[in-house]
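this one's sequence-less:
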């Protein structure tokens with residue numbers, strides 16, 4: 001019997017891929033499929049919704065009914081729903097890995113406060129490659145210091161509703177921490193008009209949107225006479241889904257606490 005995994009957002013593009021990967025994984029078992037109240041997929045079989053045939057797991061809107069200490073939820077929903085699921089997981093002693101982005105400062109603060117009461121992993125991006133990029137950016141930012149100007153550029157599909165992406169914000173905060181900066185003060189979200197000379201404290205945060213781009217993140221460290229460019233490109237969502245399943249399996253037997261993908265990957 002594998003790890004019991006509940007998918008929150010099971011009828012979305014990521015949710016369907018997760019259902020397929022969990023069905024194929026020898027160490028995982030689909031224990032629940034959750035969607036928002038009123039969603040047209042409610043009542044359908046999660047496997048049929050994902051295009052792999054019946055699995056005997058209905059899509060429901062009641063996460064509390066399936067949450068328990070022997071389950072780990074994977075949440076790829078919206079910020080408000082993710083917070084509701086986190087509160088339910090904490091109350092039920094369930095594990096939960098949240099890949100939802102767009103959390104407000106207040107929501108992040110609440111999540112960090114209550115997460116240690118259960119097994120919780122919060123990651124703006126669960127791709128293994130992106131998390132390796134984050135580690136490399138941390139090291140580079142510390143080494144080059146203020147001799148190189150950091151700029152974060154991200155591009156996603158036209159349907160993404162939050163900007164900058166959670167991953168871009170995480171990269172910006174990583175740079176700030178590595179260089180002893182206050183990210184909220186240093187972040188520069190786009191430039192227009194007579195902006196004046198760039199300061200040493202700035203961390204540029206640039207957002208592009210268009211087409212069906214899954215996700216691209218490039219961190220520029222621009223010096224004099226040279227420039228470092230560190231890039232990750234997601235060619236499809238499978239890299240995110242595979243990282244999420246890896247995170248859920250890792251989280252299953254961990255003690256209560258707030259974890260990240262750095263913990264999963266030993267970074």
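All right, it came through fine. Being a predicted model, the structure only gives us computed values, none of them experimental.

Pretty sure residue 76 sits against residue 16.
No. Proximity of residue 76 to residue 16 does not meet the contact threshold set by CB atoms under 8 Å, at 10.5 Å. C-beta coordinates here come from the backbone N, C-alpha and C atoms, glycine included.

neighbour-wise, which of those two wins?
residue 76 (26 against 23; other CB atoms under 10 Å).

my read: residue 255 touches residue 120, true?
No. Assessed by CB under 8 Å, residue 255 is found out of contact with residue 120, at 11.4 Å.

neighbour-wise, which of those two wins?
residue 120 (25 against 7).

Pretty sure the more buried one sits in a strand.
Yes. Counting by DSSP: H, G, I helix; E, B strand; the rest coil, residue 120 is part of a strand.

quick one, helices of the stretch 1-150 of the chain?
In the stretch 1-150 of the chain, the helices defined using DSSP state H, counting those that start in this stretch lie at 13-24, 46-49, 79-92, 105-114, 128-144.

Could you dump the ones you listed into TSV and include mean pLDDT and distance to residue 233?
Output for these, formatted as TSV (pLDDT from 0 to 100; distance: least, CB to CB, whole Å):
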stretch	mean pLDDT	distance to residue 233
helix 13-24	96	18
helix 46-49	96	29
helix 79-92	97	25
helix 105-114	95	27
helix 128-144	97	9
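
got TSV for those, with distance to residue 184 too?
Converted to TSV, those look like this (distance: least, CB to CB, whole Å):
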stretch	distance to residue 184
helix 13-24	29
helix 46-49	40
helix 79-92	19
helix 105-114	9
helix 128-144	17
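
for the ones you listed, which one sits closest to residue 196?
helix 128-144 (23.1 Å; CB to CB).

Show me what that closest one is packed up against.
helix 166-178, strand 215-222, strand 227-234, helix 238-251, helix 261-265 (3 or more CB pairs under 8 Å, 6 or more residues apart in numbering; DSSP states H and E).

redo that, cut-off 6 Å
If you count contacts as 3 or more CB pairs under 6 Å, 6 or more residues apart in numbering; DSSP states H and E, helix 128-144 packs onto helix 166-178, strand 227-234.

and these, which is most packed in?
helix 166-178 (a mean of 22; mean count of other CB atoms under 10 Å).
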